[in-house]
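1. Turn this into a model:
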Amino acid sequence: MPTDTDIRYLLDRIAIQDLIAKYGLGQDLHQGNNNDQDLLAQWAEVFSPDAIIDASDVGQSAEIGLEDYIDFMRGADRKGTEGLGKLFGLWQHREGYATVTLDGDTATATSPFFHTHETRDGQANVIHTGLWHDRLERRPQGWRIVHRRVENGFFHTFARIANPHDLTER
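-> Here you go, the predicted model:
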C-alpha cells in the first residue's frame, strides 16, 4: 500500500516532468511569424524569476538571467525577428522524460531534448539535440527551475526538400 511519502514523490515527479514539457510548449506556442512572442506566458510556470541559465556549451554565457535568455531567443523587442527568431521562422521542441532526484523541497533533473527548426528563408532545417541539467526548488507557486545548464549533443543542418517524393529513385 502506498504511503503519503510515496504519493508525494509521485506527485512531485509528475509536476517536474510537466514543468520541463512546458519549456518546449512555451517555445512552440510562439512561432517566428506569430506576433505573440511572450514566452513568459508559459515560462513563468517553468523558471523562477531569478533563474540562471548556463548556455556556455552552445557558445553563450554561463550565467544568463531569464529576461536575457528570452532576449537571446526572441530579441529585446519580443517580435520574434531578432535573437534566434532572426534565423528561424518555425520550430518544434520535444523535451524528453526527465530523470528526477528529489530531496525535500529541492530536486535535480536531467532530460534529453530534440529541437527542430526551419530557417526563416525556408531553405534548411536544423536539428539540435542535447540534455538539460536542471536544479529545481519548490516555491509557493510550485516547482520552478532555478538553474538550467544545456549540454550540447549536436546541431545538424539539412537542406529542405519541398516534396519528399522527389527523393525516390529515378
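
2. Could you give the number of residues near the nearest residue to residue 128 once chain neighbours are set aside?
-> Distances taken as Cβ to Cβ, 6 or more residues apart in numbering place residue 115 nearest to residue 128, at 4.5 Å, with adjacent residues excluded. All C-beta atoms are positioned from the backbone trio N, CA, C, and that covers glycine. Using other Cβ atoms under 10 Å, the number of residues around residue 115 comes to 19.

3. Mind checking the pLDDT average for stretch 70-89?
-> Taken as a whole, stretch 70-89 has an average pLDDT of 80.

4. so where do the helices sit in the chain?
-> Along the chain, counting by DSSP state H, helices occupy 4-28, 40-43, 66-74.

5. any chance of those helices in TSV, with mean neighbour count and distance to residue 164 too?
-> Formatted as TSV, those follow (neighbours: other Cβ atoms under 10 Å; distance: least, Cβ to Cβ, whole Å):
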stretch	mean neighbour count	distance to residue 164
helix 4-28	16	23
helix 40-43	17	32
helix 66-74	18	30
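
6. Please enumerate residues in contact with the worst-scoring helix or strand of the chain on mean pLDDT?
-> For the chain, counting by mean pLDDT, DSSP states H and E, helix 40-43 ranks last in confidence among helices and strands (a mean of 84). Applying Cβ atoms under 8 Å, 6 or more residues apart in numbering, the contact partners of helix 40-43 are 22-23, 25-26, 29-30, 66, 70.

7. Could I get the CA-only coordinates of that helix as PDB?
-> What follows is helix 40-43, C-alpha atoms only, in PDB (Å, rounded to 0.1, in the frame of the first residue of the first chain):
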ATOM      1  CA  LEU A  40       6.800  34.200 -20.100                       C
ATOM      2  CA  ALA A  41       3.200  33.200 -20.600                       C
ATOM      3  CA  GLN A  42       4.400  29.600 -20.100                       C
ATOM      4  CA  TRP A  43       7.900  30.100 -18.700                       C
END
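
8. Could you shift the numbering so residue one becomes 16, and keep it that way?
-> Fine by me, first position is 16 from now on; the one you just mentioned is helix 55-58.

9. CA atoms only for stretch 63-71 - export them in CSV, please.
-> Provided in CSV are the C-alpha atoms of stretch 63-71 (Å, rounded to 0.1, in the frame of the first residue of the first chain):
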residue,chain,number,x,y,z
SER,A,63,11.9,31.1,-11.0
PRO,A,64,12.2,34.9,-11.8
ASP,A,65,15.8,34.7,-10.5
ALA,A,66,16.7,31.6,-12.6
ILE,A,67,20.1,31.3,-14.2
ILE,A,68,20.7,29.5,-17.5
ASP,A,69,24.1,28.2,-18.4
ALA,A,70,24.3,28.1,-22.2
SER,A,71,28.1,28.1,-22.4
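
10. That concludes my questions; thank you for your assistance.
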